[in-house]
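Engineer: model this:
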Amino acid sequence: MQALITHDRRKWWMLSFAFLATVINYLNRQTLSVMAPILLQQFRISAASYSEIVFAFMLAYTVMNGVSGRLLDRLGTRIGYGLTIAFWSGAEILNAFSAGALSLGIFQFLLGIGEAGNYPAGVRLITEWFPPEERSHASGIFNSGASIGAILAPPLLAWILLARGWRTAFVAIGLLGFLWLAGWLAIYREPGAAGANDQADRLPLRQLLRSRFLWQFTLSKVFSDPVWYFYVFWFPQYLKVAHSFSMREIGETAWIPFFTATLGNLAGGAVFSALTRAGAEPATARRIAILIFSALMVPAAFVGGIGSAAECIALIAVATFGFCGALANLLAIPGDVFPKGAVASIWGFASMGSGIGGMVFALMTGWLVGRYSFRPVFVVFGLIPTIAAWMVWTLPRKLETAQLQP
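Structural biologist: Residues are numbered from 1 along each chain as shown. Next comes the predicted model:
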């Protein structure tokens, strides 16, 4: 009994590390987004060139997701997570030495290499420490770090920019990761018999690649995650171009959709719990919740045709609420189907789909914005979540083991 109480207390401490890592992850990622109006002007970077810089980040993020998941399953959560955040924090500091589009793209590429490990590591930690019935709630808390980081980024980074310049912003945010790392190495320990169990649970790569679940889940991420990347990387620039917002106004308002995203993370777990209390099986409850929250992203398709900045921000805020509510449930699905020794690998491959979609849609966004406007871009990102939701709904639902094809 005493061991159980200790485990129950420790698992929330361990989850808090994953939450804080994700906050820092998004502060790092948002630094470029918030600095974009200044950097594009100072270095004379076009919308198309900016999309190529985002593409460089996404390319590294995509390739390394497939690698980082397998590495984390091999190295374990403590060492793997620590190496991941150390690498991306160093890369963030390097961005302060940018001298133009090329160097900025190179440093963003390095940032993408490191950041690729955050979600496989966080999902692995949750699967190790939490039972299936608590994973949607734990995943919502973990993923809310993304929206909290995105909330903090505009006012914090705008303040640093106006007070000390954009180079200081990159350095200050990079140093936060090394502070996290010191606490992580001092405190984190693997749960009970995790190491031995992971060896037994680990699935050979060949077996994973024969799984229908793996490929369909990965394809769903191609159409779901680019929506979030669009709001993360382009929202401040949209406010400047479409509504003539100043840097100060961006700092005052760009946090709003990410505040609602935080609420979406909590709502995702709450809706799942309500559905299971009503009698739905966990696999079905997660999928129904994903359908509900995905539908909330569709009205953002009308943003480009609305002149009021307040109404546009409101629709975008509803979309980010929906995205995170869906993701809180999506994060838990691989742990329902696969043993915990394979979860980081599954999520790593799925995140490759996220990166591929992010790259393709980033280039598409730059081309559409440069040639037309933001209007067709919002139409695209309002509709593609419905494709992702359908793919998730039709995933294999067997909870005991993955439906691996011979």
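Engineer: so the closest residue to residue 36 other than its chain neighbours, which of the three states?
Structural biologist: Spatial nearest neighbour of residue 36, excluding adjacent residues (CB to CB, 6 or more residues apart in numbering): residue 237 at 5.3 Å. Yep, even glycine has a C-beta here, placed from its N, CA and C like the rest. Here residue 237 is recorded as helix under DSSP: H, G, I helix; E, B strand; the rest coil.
Engineer: need the contact list for residue 237.
Structural biologist: When contacts are counted by CB atoms under 8 Å, 6 or more residues apart in numbering, residue 237 touches 33, 36, 37, 40, 47, 50.
Engineer: How about residue 8?
Structural biologist: Taking CB under 8 Å, 6+ apart as the definition, residue 8 has no contacts.
Engineer: Give me the pLDDT for it.
Structural biologist: Per-residue pLDDT puts residue 8 at 71.
Engineer: For the stretch 201-350 of the chain, give me the ranges with low pLDDT.
Structural biologist: Across the stretch 201-350 of the chain, the ranges flagged by pLDDT under 70 are 201-205, 339-341, 343-344.
Engineer: Please enumerate the helices of it.
Structural biologist: For the stretch 201-350 of the chain, the helices defined by DSSP state H, counting those that start in this stretch occupy 205-209, 212-243, 247-253, 256-277, 282-295, 309-330, 333-337, 340-371.
Engineer: what's the angle between the longest helix out of those in the chain and helix 212-243?
Structural biologist: Counting residues, the longest helix in the chain under DSSP state H turns out to be helix 2-42. With axes from the mean of the first three to the mean of the last three CA atoms, to 10 degrees defining the directions, helix 2-42 sits at 40 degrees from helix 212-243.
Engineer: Use 52 as the first number from now on
Structural biologist: Right, with 52 as the first residue, what we last looked at is helix 53-93.
Engineer: which other helices and strands contact the next helix or strand after helix 53-93?
Structural biologist: The element immediately downstream of helix 53-93 (helix or strand, assigned by DSSP states H and E) is helix 98-126. Packing partners of helix 98-126 (3 or more CB pairs under 8 Å, 6 or more residues apart in numbering; DSSP states H and E): helix 53-93, helix 128-145, helix 152-166, helix 169-180, helix 263-294, helix 391-422.
Engineer: let's go with 10 Å and repeat that
Structural biologist: Contacts defined by 3 or more CB pairs under 10 Å, 6 or more residues apart in numbering; DSSP states H and E place helix 98-126 against helix 53-93, helix 128-145, helix 152-166, helix 169-180, helix 245-252, helix 256-260, helix 263-294, helix 391-422.
Engineer: okay if I get those helices as a markdown table plus distance to residue 382?
Structural biologist: A markdown table is the format used below for those (distance: least, CB to CB, whole Å):
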| stretch | distance to residue 382 |
| --- | --- |
| helix 53-93 | 11 |
| helix 128-145 | 16 |
| helix 152-166 | 16 |
| helix 169-180 | 6 |
| helix 245-252 | 19 |
| helix 256-260 | 18 |
| helix 263-294 | 11 |
| helix 391-422 | 8 |
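Engineer: wait, which of those is closest to residue 107?
Structural biologist: helix 152-166 (4.2 Å; CB to CB).
Engineer: Would you mind writing the CA trace of the closest one as CSV?
Structural biologist: Written as CSV, here are the backbone C-alpha positions of helix 152-166 (Å, rounded to 0.1, in the frame of the first residue of the first chain):
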residue,chain,number,x,y,z
ALA,A,152,17.7,33.5,-44.2
LEU,A,153,20.3,30.8,-44.8
SER,A,154,21.8,30.8,-41.3
LEU,A,155,18.4,31.1,-39.7
GLY,A,156,17.2,28.1,-41.7
ILE,A,157,20.3,26.1,-40.7
PHE,A,158,19.8,26.8,-37.0
GLN,A,159,16.0,26.0,-37.3
PHE,A,160,17.0,22.7,-38.9
LEU,A,161,19.1,21.9,-35.8
LEU,A,162,16.3,23.0,-33.5
GLY,A,163,14.0,20.6,-35.3
ILE,A,164,16.4,17.7,-34.7
GLY,A,165,16.2,18.2,-31.0
GLU,A,166,12.5,19.1,-30.7
